[in-house]
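Student: When you get a sec, could you give me coordinates for this:
(2 chains)
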Amino acid sequence: MRYSKLFGKTVRDPKSDMKLASHKLLYQGGFVRELSAGRYEFLPLGYRVWQKIVNLIDEEMEKIGSQRMSIPLLQPMEYWTKTNRDKAWGSSLMKIKDARGAEFALSATGEGIVTEMVAQTSPSYRDLPIILHQTINKFRDEIRVRGGILRAREFTMKDAYSYHETQEDFMKTYKDFYDAYSRICKRLGLPFYAVEADSGALGGDYSHEFQIPCDDGEDVIAVCTSCDYSANVEKAQFVREKVNENEDVKDMEIIEQDWNEARTIDQMSEFYHRPANNMIKSVAFKRSDGRLVIGVVTGDLEVNDVKLAHAIGEGELEKATDEDLNSIGVTSGALHAWGYGEFGDKVTFVVDTSIVEAKNLYGGNKLQTTDPQFVNYGRDFKHEIEADIAQPYKGAHCIKCGGKLDLIRTIEFGHIFKYDHFYTSHHNGYFVDKDGTKKLMYMGAYGIGIGRSMATTVEVHHDDRGIIWPTEIAPYRVHLVGLNLDDDTIKLKVEKIYEDLLRAGIEVLYDDRTEISPGEKFADADLIGIPYRMVVSKKTGDNVEVKKRDRKDFELVPVDKALSIIISQ
RNA sequence: CGGGGUGUGGCGCAGUUGGCUAGCGCGCUGCGUUUGGGACGCAGAGGCCGCAGGUUCGAAUCCUGCCACCCCGACCA
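Tutor: Next up, the predicted model:
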């Protein structure tokens, strides 16, 4: 490709609101343009990378026996209502009506459709496992987008679905996907953690996310510094400190206490001269129907809303507002850890393990001028739901080995899910077993975002000059830079090398622009990030200069030597 | 949805306390000089100042409404 003919040139200044390196560089390099918030155009250079990522993933899918197929972007609503996914997805699911008024959801994921598609073939045990994947656009009307193509409202995803006779067979395929995803990360040059995760609105009860460490990422994972335990903070377990373990259990006392002196946990801690983990902290959240959920933890911890939602079998929770609190007659800062019986099931309490295991706690039932101390769970109050609802923190002890956890900011690159019968039971997902009876198939699903993979790769592989593409997904293998092109001898020489490279089957971007200074050409080459730069000028004589994008040094070698260097690596 | 902010040639910005003909840099076009780390001169093209109303002799500038986009929270590949 001649750069002079390439559609989509580099630009010098990124937009001032572009914060992420990947956003800036993909824009400046001429890879992507934004149409509207979260919707991107891929220019030829960007599309080449995109296509290579699709192919790379496709190869790995075929290795594990998955077959490529495709389903429509418009999906009849009933495929979503059957499993209540329309509610679980809320406003991020986009809807559209056709001329006859029939309602459709825009492809946000494909579990329902694919499951029924498989079911229609009335599979027998001989047909299983069935593993399918596709690469089509997904529409997710995220309330907020950020970071360019890292998180879009319309994006391409490779999504895969698998169907199995037994859980054991499913686990084999799950492992295959786990390994395939690991290989994909490796080929993209992305160091990753495969962590246990919550599956959110997709349903299911077991999943792994492939998380790439990145300071500008949006996720946080907990990683043990001593063993291999790692999990999303929405899922990560950790050992609770046994508060006041060596004290005798004291009788609960109600004491006079001045609210203004002791409202927040810090103030209470100071007031009682006890550490924060001696305090009882209650935090209120709201379900989609407006009922409240109060999470109770020791004062040193934070309630994680995803863990809390999971504990009560809810999809998601919102933070309760002051108005919500007023509806049960309290103000923030004075929330009780028990009581409110008069509000019936409008209030649900969930107690964290930290409280269950602690002794002689403070607070939890402030009245006008009083507060209890030496509160012991089980004796002074008790709730039906006891669960792990606290957010892990840096230095918390690992549930597996007792070592210390570290928190790392990451980008979610891919996600694999175990659904068991969640979708098959709603979508007629039966197979005929050896004994001739119908049984539900076990199911899993697996996703990787293409644009996000591209952006993540740039996040990980760039320097202050531009992108450094891994060879496998680079838009071209060689960036041929011609200098002094107004000199006919040199011009002819470069043109010949360009032809030779093409004939050798090497993808080459040839900067054939005249009237452009060498500095600008080099700057563009660094920005675009093609693995090899080959320079021909009056200085190179009978040789050419070959330089790798990620190195400073270069070699001055004859053309055929240059070719063999490029082909060999 | 809650809080904060921005909309001015293709891009980045200034002008915004009501007054001159809307300006600067980059990019683009033409001519000439330049060619190993983002060259220079000269000459050009290109703008309903986000949209709609209003106030005024006069609006990019003031007022109202709308729209779009960005940043901070919940969501996700």
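
Student: Get me the contact residues on the stretch 251-400 of chain A for RNA strand B.
Tutor: A:D305, A:V306, A:E316, A:E318, A:K319 (C-beta under 7 Å from any atom of the strand). Quick note: C-beta positions are derived from backbone N, CA and C, even for glycine.

Student: Let's see that with 10 Å instead.
Tutor: For the stretch 251-400 of chain A, the contact set with RNA strand B under C-beta under 10 Å from any atom of the strand comprises A:F285, A:N304, A:D305, A:V306, A:A309, A:G315, A:E316, A:L317, A:E318, A:K319, A:T321.

Student: Correct me if wrong: the first one contacts A:E318.
Tutor: Yes - with contacts defined as C-beta atoms under 8 Å, A:F285 counts as touching A:E318 at a distance of 6.5 Å.

Student: of these two, who's got more company?
Tutor: Of the pair A:F285 and A:E318, A:F285 is the one with more neighbours under other C-beta atoms under 10 Å, namely 23 against 13.

Student: contacting residues for that one?
Tutor: Counting by C-beta atoms under 8 Å, 6 or more residues apart in numbering, A:F285 makes contact with A:L292, A:V293, A:I294, A:G295, A:V303, A:D305, A:L308, A:A309, A:L317, A:E318, A:K319, A:A320.

Student: pLDDT score for the first one?
Tutor: Going back to what we said before, that points to A:L292. In this model, A:L292 is scored at 87, pLDDT.

Student: sorry, back to before: among the contacts of A:F285, who's most crowded?
Tutor: In terms of neighbours by other C-beta under 10 Å, these top out with A:G295 at 30 neighbours.

Student: separation between A:E302 and RNA strand B?
Tutor: Distance of A:E302 to RNA strand B, given as C-beta to the nearest atom of the strand, to the nearest Å: 10 Å.

Student: Then A:L440?
Tutor: Taking C-beta to the nearest atom of the strand, one finds A:L440 at 23 Å from RNA strand B.

Student: beta partners for that residue?
Tutor: On the basis of DSSP bridges, A:L440 is bridged to A:Y430.

Student: Could you chop chain A up by domain?
Tutor: A:16-236+A:407-459, A:253-387, A:476-568 (automatic domain parsing).

Student: between those domains, which one is nearest to A:P470?
Tutor: Of all the domains of chain A, domain A:16-236+A:407-459 sits nearest to A:P470, with 4.2 Å by C-beta to C-beta.

Student: tell me how far the helix or strand hosting A:E499 is from the chain's mean position?
Tutor: Here A:E499, judged by DSSP states H and E, is contained in helix A:488-503. Centroid displacement of helix A:488-503 relative to its chain, using C-alpha atoms, centre = their mean, to the nearest Å, is 45 Å.

Student: Could you list the low-confidence segments of the stretch 101-250 of chain A?
Tutor: For the stretch 101-250 of chain A, the stretches with pLDDT under 70 are A:199-205.

Student: what about stretch A:192-201, distance to the chain center?
Tutor: Its chain's C-alpha centre and that of stretch A:192-201 lie 8 Å apart, by C-alpha atoms, centre = their mean.

Student: cool, stretch A:493-511 as well?
Tutor: Taking C-alpha atoms, centre = their mean, the mean C-alpha location of stretch A:493-511 is offset from the chain mean by 39 Å.

Student: Mind listing residues that contact that stretch?
Tutor: With contact meaning C-beta under 8 Å, 6+ apart, stretch A:493-511 is reached by A:1-3, A:6, A:475-482, A:485, A:512, A:521, A:524-525, A:528, A:530, A:534, A:536, A:544, A:559, A:563, A:566-567.

Student: List buried residues within those.
Tutor: Burial by neighbour count, judged by 16 or more other C-beta atoms under 10 Å, picks out A:1, A:3, A:6, A:475-482, A:485, A:512, A:521, A:524-525, A:528, A:530, A:534, A:536, A:544, A:559, A:563, A:566 from these.

Student: Pull out the buried positions in stretch A:83-102.
Tutor: Within stretch A:83-102, the residues scored as buried using 16+ other C-beta under 10 Å are A:T83, A:R85, A:D86, A:A88, A:W89, A:L93, A:M94.

Student: could I get those residues as a markdown table with distance to RNA strand B, pLDDT and secondary structure?
Tutor: Formatted as a markdown table, the buried residues of stretch A:83-102 follow (distance: C-beta to the nearest atom of the strand, whole Å; pLDDT from 0 to 100; DSSP: H, G, I helix; E, B strand; the rest coil):
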| residue | distance to RNA strand B | pLDDT | secondary structure |
| --- | --- | --- | --- |
| A:T83 | 14 | 90 | coil |
| A:R85 | 11 | 87 | helix |
| A:D86 | 14 | 87 | helix |
| A:A88 | 8 | 80 | helix |
| A:W89 | 7 | 84 | helix |
| A:L93 | 10 | 89 | coil |
| A:M94 | 13 | 91 | coil |
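
Student: how close does A:G403 sit to A:V239?
Tutor: Separation of A:G403 from A:V239 (C-beta to C-beta, to the nearest Å): 10 Å.

Student: tell me the contacts of the residue nearest the centre of chain A?
Tutor: Centroid-nearest residue in chain A: A:E412, 2.2 Å away (criterion: C-alpha atoms, centre = their mean). Taking C-beta under 8 Å, 6+ apart as the criterion, A:E412 is in contact with A:E209, A:F210, A:Q211, A:G217, A:E218, A:D219, A:R452.

Student: State the helix or strand in which A:H133 lies.
Tutor: Counting by DSSP H and E, A:H133 is found in strand A:130-139.

Student: and that strand, does that touch RNA strand B?
Tutor: Yes - using C-beta under 10 Å from any atom of the strand, we find that strand A:130-139 touches RNA strand B at A:K138, A:F139.

Student: next helix or strand past that strand?
Tutor: Using DSSP H and E, the helix or strand that follows strand A:130-139 in sequence is strand A:154-164.

Student: if you look at that next one, does any of it touch RNA strand B?
Tutor: Yes - counting by C-beta under 10 Å from any atom of the strand, RNA strand B is contacted by strand A:154-164 at A:E154, A:F155, A:T156, A:M157, A:K158, A:D159.

Student: for those, which one is nearest RNA strand B?
Tutor: Top of the list for closeness to RNA strand B, among the residues of strand A:154-164 next to RNA strand B and by C-beta to the nearest atom of the strand, is A:F155 at 3.8 Å.

Student: what's the closest non-adjacent residue to the closest one?
Tutor: A:G451 (4.9 Å; C-beta to C-beta, 6 or more residues apart in numbering).

Student: where do the helices sit along chain A?
Tutor: For chain A, the helices defined by DSSP state H occupy A:21-28, A:44-63, A:78-81, A:85-89, A:111-119, A:167-187, A:265-272, A:305-311, A:322-326, A:353-356, A:450-460, A:488-503, A:518-528, A:559-568.

Student: Can I get the last one in CSV? Just the C-alpha atoms.
Tutor: The one in question is helix A:559-568. The C-alpha trace of helix A:559-568 is given here as CSV (Å, rounded to 0.1, in the frame of the first residue of the first chain):
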residue,chain,number,x,y,z
VAL,A,559,18.2,-5.9,0.3
ASP,A,560,18.1,-9.7,0.2
LYS,A,561,19.6,-9.8,3.8
ALA,A,562,16.9,-7.4,4.9
LEU,A,563,14.2,-9.6,3.4
SER,A,564,15.5,-12.6,5.2
ILE,A,565,15.6,-10.7,8.5
ILE,A,566,12.0,-9.7,8.0
ILE,A,567,10.7,-13.1,6.9
SER,A,568,12.6,-15.0,9.6
